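Asker: sequence? don't have it. structure:
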């Protein structure tokens, strides 16, 4: 298996060096960058397997970097783990709205960070190894191997979490999935969650699907399911 490449976007040199050394020790290929605008250009030129993104950056804040990455089809599916000192639920929700696949507050345990990285990369790999390779629902064409979603032939850039959420709901074929089931299937047990986590991702997913949003049906007080055509 080829080594996974991680870009660490962190403006504190000591922290960036510490992260790079530990990740390299774990077998990852690591590149570091301390400026938001430079990080954006680096990621766009050669998308990595994962981005560790600090939010307080010179040049361009991490929130803007995340937004631009999610709006660019070349980088929309690159997993992002945000690193920040902000730990309020509202801050976490903002990070999720921006497309973060996970959110870790400083100070953090290195072992926890490594576990979160492993979990996010595993979620990305698991999609590609599922038995079904293509899912079709109405105007939606979901290619699991390429992580592509098209609606009426137009490619829709989804984050890894949004993509997994859509696949989980479509694969259930009308069976209702409650929020806990979706958290387990989409995020895993170690991901940071709040009461609004799944709802935030569903809102973003529906917005991107446009008219195909009708296929993601809310079952009030329970969860979500695939709606009939």
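Answerer: Thanks, I have it. Here the structure is a predicted model, which is why all the values come from computation and not from measurement.
Asker: what about the longest helix in this protein?
Answerer: helix 110-128 (DSSP state H).
Asker: Neighbouring strands - and their directions - for whatever helix or strand comes next after it?
Answerer: Using DSSP states H and E, the helix or strand that follows helix 110-128 in sequence is strand 134-137. Looking at strand 134-137 with DSSP bridges, its partner strands are strand 140-143 (antiparallel).
Asker: What lies in contact with the helix or strand that comes right after the partner strand?
Answerer: Later in the chain than strand 140-143, the nearest helix or strand by DSSP H and E is strand 148-151. With contact meaning CB atoms under 8 Å, 6 or more residues apart in numbering, strand 148-151 is reached by 139-143, 155-156, 158, 163, 166, 209-212. Bear in mind the C-beta positions are built from the backbone N, C-alpha and C, glycine included.
Asker: Now do the buried residues in the helix or strand of the chain with the lowest mean pLDDT.
Answerer: Among the helices and strands of the chain, helix 89-97 carries the lowest confidence by mean pLDDT, DSSP states H and E, at a mean of 74. Going by neighbour count (16 or more other CB atoms under 10 Å), the buried part of helix 89-97 is 91-97.
Asker: Counting by contacts, list what that helix packs against.
Answerer: Applying 3 or more CB pairs under 8 Å, 6 or more residues apart in numbering; DSSP states H and E, one finds that helix 89-97 contacts strand 80-84, strand 102-105, helix 197-209.
Asker: most packed of the ones you listed?
Answerer: Of these, the one with the most neighbours on average (mean count of other CB atoms under 10 Å) is strand 80-84, at a mean of 24.
Asker: Please list the residues outside that one that contact it.
Answerer: Defining contact as CB under 8 Å, 6+ apart, one finds that strand 80-84 is touched by 10, 50-56, 62, 66, 69, 91, 95, 99-106, 108, 113, 116-117, 120, 159.
Asker: if you set the cut-off to 7 Å instead, what comes out?
Answerer: 50-55, 62, 66, 69, 95, 99-106, 116-117, 120 (CB atoms under 7 Å, 6 or more residues apart in numbering).
Asker: rewinding a little: can you lay out the contacts of strand 148-151 as a markdown table showing pLDDT and distance to residue 34?
Answerer: Output for those, formatted as a markdown table (pLDDT from 0 to 100; distance: CB to CB, whole Å):
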| residue | pLDDT | distance to residue 34 |
| --- | --- | --- |
| 139 | 93 | 43 |
| 140 | 94 | 40 |
| 141 | 93 | 40 |
| 142 | 92 | 37 |
| 143 | 89 | 36 |
| 155 | 90 | 32 |
| 156 | 91 | 33 |
| 158 | 89 | 29 |
| 163 | 90 | 30 |
| 166 | 93 | 35 |
| 209 | 94 | 36 |
| 210 | 93 | 38 |
| 211 | 91 | 42 |
| 212 | 94 | 40 |
